[in-house]
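[1] Next input, structure requested:
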Amino acid sequence: MEIIEVKDLQSLKEFAPAVRGIAQLPYVNSALKSGQLVKVLNEYAPSPQPIDLLYPSQRLLSPTVKA
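    Next comes the predicted model:
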């Protein structure tokens with residue numbers, strides 16, 4: 001067995017099925033529906049975690065942050 005580390009989710013999403021590997025990925029509903037990816041080891045799935053976002057005051061918000 002070989003462990004491979006990647007820096008971005010898109011590479012991991014493409015690499016896992018190409019080598020028939022296992023990966024923990026967020027936001028893959030469409031890939032699951034199309035059959036590109038298949039869920040395995042559901043009993044070991046991590047529980048959802050809250051995310052805190054911090055940003056500067058309203059006067060300096062970029063258009064991206066405002067959206």
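
[2] Please count neighbours and contacts with C-alpha atoms only from this point.
    Fine.

[3] which stretches of this structure have low pLDDT?
    Applying pLDDT under 70 to the chain flags the ranges 1, 55-59.

[4] list the helices and strands the longest helix belonging to it packs on?
    Longest helix in the chain, counting residues (DSSP state H): helix 9-18. Where contact means 3 or more C-alpha pairs under 8 Å, 6 or more residues apart in numbering; DSSP states H and E, helix 9-18 is not packed against any helix or strand.

[5] For that helix, give me every contacting residue.
    Applying C-alpha atoms under 8 Å, 6 or more residues apart in numbering, the contact partners of helix 9-18 are 6, 21, 22, 23, 25, 36, 37.

[6] hmm, which of those residues are the buried ones?
    22, 37 (16 or more other C-alpha atoms under 10 Å).

[7] Relative to residue 47, which of the contacts of helix 9-18 is nearest.
    Distance to residue 47, by C-alpha to C-alpha, is smallest for residue 25 among the contacts of helix 9-18, at 13.2 Å.

[8] With residue 3 as the reference, measure out to the closest one.
    To residue 3, residue 25 is 16 Å away according to C-alpha to C-alpha, to the nearest Å.
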